[in-house]
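Peer 1: Give me the fold of what follows.
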Amino acid sequence: MTAFSKREKEAKVDRLAWEHMYARGQFLREPIHGEMTNIAKRLETRGVKRVLDLGCGSGRHTVFLAKMGFDVFGLDLAPTGLSETIQQLAEAGLTAHVTLSDIQRLPYDDGFFDAIISVQVIHHNRIRDIEETISEMWRVLKPGGLVWVTVPVPQGHPTKRGVEVEPRTFVPLEGFEKGLPHHLFSGEELRTVFQDFGILDLHVHKDRHYSLIAEKLSE
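Peer 2: A predicted model of the protein is given here:
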């Protein structure tokens with residue numbers, strides 16, 4: 001099996017894992033992240049208009065940002081999650097741009113977004129794919145644009161009991177996230193993979209998430 005075909009197979013497994021979770025009713029109608037309100041205010045202060053919700057899932061943050069008046073683009077690889085997003089938007093009388101796509105190859109022009117948010121998403125991959133995603137985030141973000149990303153803090157994370165498929169990347173063998181990779185970042189590694197951005201803040205949220213805010217430096 002070639003490296004390319006292996007990666008395509010891994011990507012298909014990941015897509016099916018997410019779709020099965022949403023189809024079983026998991027991660028639907030969840031509350032927004034505890035920092036989302038403050039992040040939205042920060043975006044407003046910066047004059048942000050167009051926002052990408054990268055890995056929007058069932059739409060909790062896409063809907064919230066649309067209510068705040070942002071021009072929101074929600075992207076995810078799970079059709080059921082996107083259907084839920086569209087339903088919630090319709091119920092609220094809101095609109096947003098919803099796209100089915102992997103996060104490693106974003107279907108947007110260079111410098112298209114003023115800001116990108118990605119809540120508990122990018123760590124669900126192997127490190128090479130995470131680095132591709134971050135490169136794509138850089139590409140589609142305007143110079144001076146903001147990015148907000150959260151990922152789990154590794155201490156005591158349950159997936160550590162799974163199979164370690166590469167350093168710090170674990171795949172659980174059971175449970176509702178069975179088969180879905182989790183890369184467990186240290187704070188230092190998180191700074192390293194976002195080294196092309198200017199990091200404005202990195203802290204641990206009370207829910208045991210790393211919360212990173214950065215901006216795209218002028219090219």
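Peer 1: tell me which element L52 falls in.
Peer 2: Here L52 sits within strand 50-54, counting by DSSP states H and E.
Peer 1: Give the other helices and strands that that strand contacts.
Peer 2: Using 3 or more CB pairs under 8 Å, 6 or more residues apart in numbering; DSSP states H and E, the elements in contact with strand 50-54 are helix 60-67, strand 71-76, strand 113-119, helix 127-140. For glycine as for every other residue, the C-beta is placed from the backbone atoms N, C-alpha and C.
Peer 1: got the buried residues for the helix or strand that the shortest one is followed by?
Peer 2: In other words, strand 71-76. Next along the chain after strand 71-76, taking DSSP H and E as the criterion, comes helix 79-91. Under the neighbour-count criterion of 16 or more other CB atoms under 10 Å, helix 79-91 has T80, G81, L82, E84, T85, I86, Q88, L89 buried.
Peer 1: how close does the second one sit to H209?
Peer 2: Spelled out, it's G81. For G81, the distance to H209 (CB to CB, to the nearest Å) stands at 20 Å.
Peer 1: got it, and the fifth one?
Peer 2: Look at T85 and H209: by CB to CB, they are 22 Å apart.
Peer 1: got it, and I117?
Peer 2: 13 Å.
Peer 1: For the two, work out which one has more neighbours and name it.
Peer 2: Legend: neighbour count by other CB atoms under 10 Å for I117 and H209, higher for I117 (26 against 20).
Peer 1: which ones are touching the more buried one?
Peer 2: I39, V51, L52, D53, L54, H61, L65, V147, W148, V149 (CB atoms under 8 Å, 6 or more residues apart in numbering).
Peer 1: Would you report the backbone torsion angles of V193?
Peer 2: phi -70, psi -20 (degrees, to the nearest 10).
Peer 1: For the residue nearest to it when sequence neighbours are not counted, give me the pLDDT.
Peer 2: Leaving out its chain neighbours, the residue that sits closest to V193 by CB to CB, 6 or more residues apart in numbering is I134, at 5.7 Å. The model reports I134 with a pLDDT of 98.
Peer 1: I'd guessed I134 sits against H123; true?
Peer 2: No - using CB atoms under 8 Å, I134 is not in contact with H123, being 11.5 Å away.
Peer 1: Neighbour count: those two, which is higher?
Peer 2: Taking I134 and H123 together and counting by other CB under 10 Å, H123 has the greater number of neighbours (25 against 21).
Peer 1: State the distance from that one to L184.
Peer 2: Distance from H123 to L184, by CB to CB: 7 Å.
Peer 1: list the residues that contact both of those two?
Peer 2: With CB under 8 Å, 6+ apart, H123 and L184 have common neighbours P152.
Peer 1: Quick check: phi and psi on the residue lying closest to T133 once chain neighbours are set aside?
Peer 2: Sequence neighbours aside, I103 is the residue nearest to T133 in space, at 4.9 Å (criterion: CB to CB, 6+ apart). Phi and psi for I103, reported as degrees, to the nearest 10, are phi -90, psi -10.
Peer 1: quick one: pLDDT of H157?
Peer 2: At H157, pLDDT is 79.
Peer 1: ok, it touching F185?
Peer 2: No - the pair H157 / F185 is not scored as a contact, 10.5 Å apart, by CB under 8 Å.
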